[in-house]
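*Asks:* build me a structure from this.
(one chain, ligands or ions: 2)
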Amino acid sequence: MVAKVASRVEILAKSGLSEIPAEYIRPESERLDLGDAFETAKKGAEDQLGPQLPVVDLQALQSGDEAARRACVEEVRRAASEWGVMHITNHGMKPELVERLRKVGKEFFDLPVEEKERYANDQASGKIQGYGSKLANNASGQLEWQDYFFHLIFPEEKIDVSIWPKQPEEYIEVTAEFGKQLRVVVTKLLEALSEGLGLEKGKLDSELGGSKDLLLQMKINYYPVCPQPDLALGVEAHTDISALSFILHNMVPGLQVFYDGKWVTAECIPDALIVHVGDSLEILSNGRYKSVLHRGLVNKEKIRISWAVFCEPPKETILLRPLEELLADGTPPNFPPRTFDQHIQHKLFKKNNPEAATPPTTATD
Ligand SMILES: O=C(O)CCC(=O)C(=O)O
Ligand SMILES: [Fe+2]
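*Replies:* Ligands and ions are numbered 1, 2, ... in the order given. Okay, the predicted model is just below:
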């Protein structure tokens, strides 16, 4: 078999084509409401009907005022339970650092494609870090309108800066610092989420590997302008396999989350970070926190860039299963025990075999 070479969406977009290749055209069922979300989002929140993602101010988590702190924990709990996603403000991450992260990521993607190719990943040989584009290896053979750069940013002992962009020069310093500071935010949020489940505050963090083994993996998603945004998706609808995912972006709308039977376009809120609950946290919490279904739209006018950071447990050494404390009252577990790796394999299998009978041990997901 001839190895598949990924074609870069950036090259397609720059070629000036007016119709996108067939592999990028989503099936009819996915296209119903793709067209005008960008236009709607541009008009501003006032014009958007219906509910909006919750915005949670984390300031009070550090507060000496116990009532205020508890109220904040409750807001986090509620957002993670009802939506599985929230904007967080006053999270402690310095706006200047976030701005520098945006700058170095954009400068990397501004390089010519040939320069970026020097960092190309090789999914077939398991080299997943680096510059890439989706290969048509799923059942439908569908592609997404994006290129990306993927690499581990924390813990420091596990990162391999030799595969990180060397241009712009500041990339490594800024991104490593971002990883360190984001880890502090992760700790804080996991503490609030543990407390929201009635658990000891360090519980979720340690169940996910703690300071040594919980990984922060960053994916910079680069969505070029698309001549037919009503036919394509930047990222198809999915839930993240992570415990939590953090998203920041270049203030171009495109992220949608599925809530109450509808796709809701996330507003662009300066200095806020978006946090998703992913599958791993859904499993540990026995479904009390929801792994949110989401997707990314593209548009005709503006390049969109997002930085997604996935907080993941180690692949094989931890068994993800609903925490015992949450089953003590006789509540049955809603998920079978699986390592993170087994969860990934199971999800892939289900995606590629939608008709397959679900084995008895997996009856609940
Ligand atoms: O671009 C976005 O806002 C979302 C990206 C995303 O869902 C992902 O990378 O998993
Ligand atoms: Fe995602």
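*Asks:* ligand 1 contacts on the chain?
*Replies:* When proximity is defined as C-beta under 6 Å from any ligand atom, the chain approaches ligand 1 at 219, 221, 235, 240, 247, 249, 254-255, 294, 296, 306, 308. Any C-beta I mention is one placed from the backbone N, CA and C, and that applies to glycine too.
*Asks:* and which of those is nearest to Leu327?
*Replies:* When those are compared for distance to Leu327, the smallest value, 24.4 Å, is given by Asp240; criterion: C-beta to C-beta.
*Asks:* for burial, what's the neighbour tally of the closest one?
*Replies:* Other residues near Asp240 come to 24 when the count uses other C-beta atoms under 10 Å.
*Asks:* same question for Lys103.
*Replies:* Burial measure for Lys103: 14 neighbouring residues, criterion other C-beta under 10 Å.
*Asks:* which residues does Ile163 contact?
*Replies:* Contacts of Ile163 were listed using C-beta atoms under 8 Å, 6 or more residues apart in numbering, and they are 119, 129-130, 151.
*Asks:* quick one, strands of the stretch 201-350 of the chain?
*Replies:* Assigned strands in the stretch 201-350 of the chain, in chain order: 215-223, 235-238, 244-249, 255-259, 262-265, 273-277, 294-296, 304-312, 319-320, 338-339 (criterion: DSSP state E, counting those that start in this stretch).
*Asks:* give me the number of residues near the closest residue to Lys262 other than its chain neighbours?
*Replies:* The shortest distance from Lys262 to any residue that is not its chain neighbour, by C-beta to C-beta, 6 or more residues apart in numbering, is 6.6 Å, and that residue is Gly50. Gly50 is surrounded by 8 other residues when neighbours are defined as other C-beta under 10 Å.
*Asks:* start the count at 50 instead of 1 going forward.
*Replies:* Will do, 50 is the new start, and the previous item becomes Gly99.
*Asks:* so what pLDDT did Gly99 get?
*Replies:* pLDDT, the model's per-residue confidence, is 83 for Gly99.
*Asks:* and it, how far from Lys165?
*Replies:* From Gly99 over to Lys165 the distance is 39 Å, taken as C-beta to C-beta, to the nearest Å.
*Asks:* comparing the strands of the stretch 250-399 of the chain, which yields the minimum mean pLDDT?
*Replies:* Mean pLDDT values for the strands of the stretch 250-399 of the chain show the minimum at strand 311-314, a mean of 92.
*Asks:* quick one: contacts for the nearest residue in space to Glu249 that is not next to it in sequence?
*Replies:* Nearest in space to Glu249, with sequence neighbours left out and distances taken as C-beta to C-beta, 6+ apart, is Ser243 at 6.7 Å. Shown in contact with Ser243 (C-beta under 8 Å, 6+ apart): 249-254.
*Asks:* can you turn the buried subset of those into a selection I can paste into PyMOL?
*Replies:* Only the buried members of the contacts of Ser243 enter the following PyMOL selection, criterion being 16 or more other C-beta atoms under 10 Å:
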select buried, resi 252+253+254
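*Asks:* okay if I get the contacts of Ser243 as CSV plus pLDDT?
*Replies:* Formatted as CSV, those follow (pLDDT from 0 to 100):
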residue, pLDDT
Glu249, 98
Lys250, 97
Gly251, 98
Lys252, 98
Leu253, 98
Asp254, 98
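*Asks:* out of the contacts of Ser243, list just those in helices.
*Replies:* In helices, defined here by DSSP state H, the members of the contacts of Ser243 are 252-254.
*Asks:* so the residue nearest to Lys311, which of the three states?
*Replies:* Reducing the assignment at Gly99 to three states with DSSP: H, G, I helix; E, B strand; the rest coil gives coil.
*Asks:* measure it to ligand 1 for me?
*Replies:* 19 Å (C-beta to the nearest ligand atom, to the nearest Å).
*Asks:* if I pick Leu192, what's in contact with it?
*Replies:* With contact set as C-beta under 8 Å, 6+ apart, Leu192 has these partners: 58, 72-73, 182-183, 185.
*Asks:* select only the buried ones of the residues you listed in PyMOL?
*Replies:* Selection of the buried residues among those in PyMOL, burial being defined by 16+ other C-beta under 10 Å:
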select buried, resi 58+73+182+183
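*Asks:* mind checking which of the contacts of Leu192 land in strands?
*Replies:* Under the assignment DSSP state E, the contacts of Leu192 contribute Ser182 to strands.
*Asks:* show me the shaky parts of the stretch 300-414 of the chain.
*Replies:* By pLDDT under 70, the low-scoring segments of the stretch 300-414 of the chain are 406-414.
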